[in-house]
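In: just to be clear, the model below is a prediction. Sequence and coordinates:
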Amino acid sequence: MSEQDYGAPRGLPEELERALAAEVSLRSRMRYVAVGLAGGCAAVLIAVLWATEPQPLPARAQAVFSGLIAVGLAWAAFAGWVLSRRRPLYARDRVLGARIALAVTTVTGIAGTALAVARGTTAAALATALVGIVLIATAGLLLARAQSRRRELLRLRDALRGDAS
């Protein structure tokens, strides 16, 4: 009796086979489970904290709580989207995750700097702005790397399809 091999199709370039195996590995999936749980738990924890406040919160605090809940739900939804896919995403998940990170760091950096300007010293405002710029630049770099990786995988996939025809 012979065993059937349901692994990667024969003739896949070794680089593409390794990349796709890493994308659908258990380790990768567990990472997204952790991201989803962290985002969902954070959103629920903040919502419960907000709901159990004895007095209504000031409008600014309500805005911050709403924003934090939205960020947690965004990460949970992102993880759910990735985990619901049954095929390789060719790094689309990395691009989307990097976009979420860039959006959140940009909003946080701007809001933090505005708050430091309004309430802090010049040194505090400059330090906050510098940290915000570093975080935004890091998120932008991660987005550029994710987009580059996606282009590379799509190029390999297209080359494989071209060779198969």
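Out: Right, received. Where do you want to start?
In: biggest helix in this protein by residues?
Out: Ranked by residue count under DSSP state H, the longest helix found in the chain is helix 122-164.
In: now that one: average pLDDT?
Out: Averaging pLDDT along helix 122-164 yields 92.
In: next one: stretch 19-32
Out: Averaging pLDDT along stretch 19-32 gives 82.
In: buried stuff in it?
Out: 19, 20, 23, 32 (16 or more other Cβ atoms under 10 Å). The C-beta positions use only the backbone N, C-alpha and C, and glycine is treated the same way.
In: still on that earlier bit, elements contacting the longest helix of the chain?
Out: Packing contacts for helix 122-164, counted by 3 or more Cβ pairs under 8 Å, 6 or more residues apart in numbering; DSSP states H and E, involve helix 14-23, helix 92-119.
In: mean pLDDT lowest where, among those helices?
Out: helix 14-23 (a mean of 73).
In: contact partners for the residue nearest the centre of the chain?
Out: Centroid-nearest residue in the chain, with Cα atoms, centre = their mean: residue 97, separated by 2.4 Å. With contact taken as Cβ atoms under 8 Å, 6 or more residues apart in numbering, residue 97 is in contact with 78, 146.
In: check what pLDDT residue 90 gets.
Out: 85.
In: not counting residues beside it along the chain, what's closest to it?
Out: Excluding the flanking residues, the one nearest residue 90 by Cβ to Cβ, 6 or more residues apart in numbering is residue 153, at 4.4 Å.
In: count of neighbours near the one you found?
Out: Residues lying near residue 153 (other Cβ atoms under 10 Å) number 21.
In: does it touch residue 17 like I think?
Out: No. Residue 153 lies out of contact with residue 17 (Cβ atoms under 8 Å); the separation is 11.5 Å.
In: show me what contacts the nearest residue to residue 132 once chain neighbours are set aside?
Out: Nearest residue to residue 132, sequence neighbours excluded (Cβ to Cβ, 6+ apart): residue 109, at 2.6 Å. Residue 109 makes contacts with 129, 131, 132, 133, 135, 136, as judged by Cβ under 8 Å, 6+ apart.
In: swap in 7 Å and give it another go.
Out: With contact taken as Cβ atoms under 7 Å, 6 or more residues apart in numbering, residue 109 is in contact with 132, 133, 135, 136.
In: got the buried residues for stretch 110-119?
Out: 112, 113, 116.
In: quick one: those as CSV, columns for distance to residue 80 too.
Out: Below are those laid out as CSV (distance: Cβ to Cβ, whole Å):
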residue, distance to residue 80
112, 29
113, 32
116, 35
